[in-house]
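**Student:** can't give you the sequence, but here's the structure:
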């Protein structure tokens, strides 16, 4: 296809690595808000690269008209209008059954399933798509509510959380491969010790899958190895110990360092000064923050001041791959996020070839 210049379509080294994996194992990604020029352009790029089979939810006529007005090819891009989809009645029955199982009161199942976020989440939960991307035209709470209600949680993750991928090869000390994983950037305001440990382990697993090597996970604090004995610093230190125990018990190929300040995590020279006797190390690949405020503020500063490229937020702790992008997302963010969550779907299919995850059940209500 000649619609996209090679440099734009292929992207940076990180997206090239993701796309190479997807070209061997293409995945179906459903976009919950398809009536968006950014989504259309990203979907066409993914098709042109033979990496993803996009499924766009929304009004079929509006989406096709938008594509025609902007000369965007719709080849191999599927468009579904939830109330008119062939699976609509089946999903309505599933929602009714879930509500009965949870003993909760819901509204009309048809009204719920007609909402694109719920329909897309149900598609992923029941194997009609491999991964989900949404949030580009909705408030985060609206999108997250649909995920919590329609997709099973993983049994060994105490609470779902978000991990953001940042690409910034132009910045000093940003990961060993120019990619940095930040968590939790979207969901848990003040994670406790168990939640922090789970965030570290699960994001470490994600980084191991993406990087193909042992990742270094830094548990961040205002303190380095007891330099400040505050309750918050002790909480991070306890979470570090618990995360290391989990890694040892599960024989995971992940390194954990904590509690440490951000300069120790990212600058090897600072680490040598503040950790006497410590051997020279590479910069951290994963930053686990002590609070949502710290994570979210750091993300926005790195993105809007330092020029880091944000590739969405992967929602961790769910039994199916899903990602959220902000309403301010660029076409590149949507493109990279779709590639990232589709690569996560490759791992899911390797771990669960039959699609069966024995997860728990969400306690949220429709």
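**Tutor:** Good, I have the coordinates. Remember, it's a predicted structure, so these values are computed and weren't measured experimentally.
**Student:** And the strands in the stretch 151-300 of the chain, which stretches?
**Tutor:** Along the stretch 151-300 of the chain, counting by DSSP state E, counting those that start in this stretch, strands occupy 161-167, 179-183, 216-220, 255-260, 286-288.
**Student:** okay, those strands, which one's buried deepest?
**Tutor:** Most buried of those, by mean neighbour count (mean count of other CB atoms under 10 Å): strand 286-288, with a mean of 29. C-beta coordinates here come from the backbone N, C-alpha and C atoms, glycine included.
**Student:** Could you spell out the sheet neighbours of that one, each with its direction?
**Tutor:** strand 179-183 (parallel), strand 216-220 (parallel) (DSSP bridges).
**Student:** surely residue 186 meets residue 160?
**Tutor:** No. If you go by CB atoms under 8 Å, residue 186 and residue 160 don't touch, sitting 9.4 Å apart.
**Student:** Give the residues shared as contacts by the two.
**Tutor:** Counting by CB atoms under 8 Å, 6 or more residues apart in numbering, the contacts common to residue 186 and residue 160 are residue 315.
**Student:** give the contact list for the residue nearest to residue 150 when sequence neighbours are not counted.
**Tutor:** Of all residues beyond its chain neighbours, the one nearest residue 150 is residue 121 (3.5 Å), with distances taken as CB to CB, 6 or more residues apart in numbering. Contact analysis of residue 121 by CB under 8 Å, 6+ apart lists 32, 132, 146-147, 149-151, 322.
**Student:** For residue 121, what is the enclosing helix or strand?
**Tutor:** With secondary structure defined by DSSP states H and E, residue 121 is part of helix 116-125.
**Student:** what about residue 88, how many residues close to it?
**Tutor:** By other CB atoms under 10 Å, 18 other residues sit near residue 88.
**Student:** And for residue 73?
**Tutor:** Residue 73 has 16 neighbouring residues, counting by other CB under 10 Å.
**Student:** Skipping adjacent residues, who's closest to it in space?
**Tutor:** residue 44 (5.6 Å).
**Student:** Helix or strand: which one has the one you found?
**Tutor:** helix 37-48.
**Student:** Tell me the helices and strands packed up against that helix.
**Tutor:** helix 6-10, strand 27-31, strand 52-57, helix 60-69, helix 331-351 (3 or more CB pairs under 8 Å, 6 or more residues apart in numbering; DSSP states H and E).
**Student:** Go again with 7 Å.
**Tutor:** strand 52-57, helix 60-69, helix 331-351 (3 or more CB pairs under 7 Å, 6 or more residues apart in numbering; DSSP states H and E).
**Student:** quick one, which of these is packed in tightest?
**Tutor:** Ranked by mean neighbour count, the helices and strands packed on helix 37-48 are led by strand 52-57 with a mean of 25 (mean count of other CB under 10 Å).
**Student:** Now do the contacts for the spatially most central residue of the chain.
**Tutor:** Nearest residue to the geometric centre of the chain (CA atoms, centre = their mean): residue 314, 0.5 Å. Residues in contact with residue 314 (CB atoms under 7 Å, 6 or more residues apart in numbering) are 162-163, 206, 323, 340-341, 344.
**Student:** Wait, a strand at it?
**Tutor:** Yes. Assessed by DSSP: H, G, I helix; E, B strand; the rest coil, residue 314 belongs to a strand.
**Student:** How far away from the center of its chain is stretch 297-317?
**Tutor:** 11 Å (CA atoms, centre = their mean, to the nearest Å).
**Student:** hmm, back to that, nearest to residue 306, of the contacts of residue 314?
**Tutor:** Taking CB to CB as the measure, residue 163 is the one of the contacts of residue 314 closest to residue 306, at 18.9 Å.
**Student:** In contact with that closest one: list those residues for me.
**Tutor:** Residue 163 neighbours (CB under 7 Å, 6+ apart): 181-183, 185, 203, 206, 313-314, 316.
**Student:** repeat that with 6 Å
**Tutor:** With contacts defined as CB atoms under 6 Å, 6 or more residues apart in numbering, residue 163 is in contact with 181, 183, 203, 314, 316.
**Student:** wouldn't the first one be in contact with residue 203 here?
**Tutor:** Yes. Using CB atoms under 6 Å, residue 181 makes contact with residue 203 at a distance of 5.5 Å.
**Student:** Overlap in contacts, these two.
**Tutor:** With CB under 6 Å, 6+ apart, residue 181 and residue 203 have common neighbours 163, 286.
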